[in-house]
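K.L.:
predicted model and sequence below, questions to follow.
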Amino acid sequence: MARVLIVGCGCRGRALAADLRGAGHAVRGTTRDPGRTAAIAAAGAEPYVGDPDRIATLMDALTGVTVICWLMGTAAGDPDGVAALHDGRLRMLFEKLVDTALKNGANQISGIDFRTSELRKYRDQARKMAVKAAREKAVALAQELDCGVGKPRTITEGYNGYFGGYRFNAMTNAQNSMQELPAAAGDDTETLPLGQIAVRAQISVTFDLTDPSAKAGQAEKE
């Protein structure tokens, strides 16, 4: 049996609470409004008054909890305030959870996985950045050889995805270029701030090299 905390126990939260209770789990549901505690209790959950905008008010609700459901996807109001719920507030809650575990004697925390619902968008951004970086590197290297960069011959994509390490790595081999979002100096062992992920794309581009002097001579003849 799990003890579940539902943060934001509105209509969806109460439906979830009823299902969880039917499966034999203990459920606690939070609300900002004391007037809604009766509805939460009717769904079979233990009501708790707390405000996700003030994480400190939720700390006592975490006692004995093994699973947290953050049901704030339909939160409405000031756009900046709503964005903070899914960014700063959620990250702060996670930091509090980790801090509490460490203070209680935990020396290892594993199995943590951060995901984004907009992975496709950030992958597309990473691809564009990688292609741009590949051409910039090709131009810089070609200049050292007194050559120009012509049309691309081949474009291939390597590994792309997201990870919890904060690093930037660019490498050239037939103009391979890897660009990550967000980019930062570091290595595989360096970690991102809690609640953040890095999205990366690896693109390999082969360009033709051109002879600038030949092009200049052709222009003179014309």
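P.N.:
Looks like it came in fine.
K.L.:
CA atoms for contacts and neighbours, from now on please.
P.N.:
Noted.
K.L.:
distance of the most centrally placed residue in the chain from residue 115?
P.N.:
Nearest residue to the geometric centre of the chain (CA atoms, centre = their mean): residue 197, 3.7 Å. Noted for residue 197: a distance of 7 Å to residue 115, by CA to CA, to the nearest Å.
K.L.:
next: residue 30.
P.N.:
Taking CA to CA, one finds residue 30 at 24 Å from residue 115.
K.L.:
below-threshold pLDDT in the chain: ranges please.
P.N.:
By pLDDT under 70, the low-scoring segments of the chain are 73-77, 81-82, 84, 86-87, 109-114, 159-196, 214-222.
K.L.:
could you list the domains of it?
P.N.:
Per the record's domain assignment (automatic domain parsing), the chain is made up of the domains 3-103, 119-221.
K.L.:
show the end-to-end separation of the shortest one, please.
P.N.:
Criterion CA to CA; first-to-last residue distance in domain 3-103 is 21 Å.
K.L.:
how far does it sit from its chain's centre?
P.N.:
With CA atoms, centre = their mean, to the nearest Å as the basis, domain 3-103 stands 21 Å off its chain's centre.
K.L.:
related to what we said a few turns ago, ok, residue 30 and residue 115, which is more surrounded?
P.N.:
residue 30 (26 against 13; other CA atoms under 10 Å).
K.L.:
identify the spatial nearest neighbour of that one, chain neighbours not counted.
P.N.:
Nearest residue to residue 30, sequence neighbours excluded (CA to CA, 6 or more residues apart in numbering): residue 48, at 4.7 Å.
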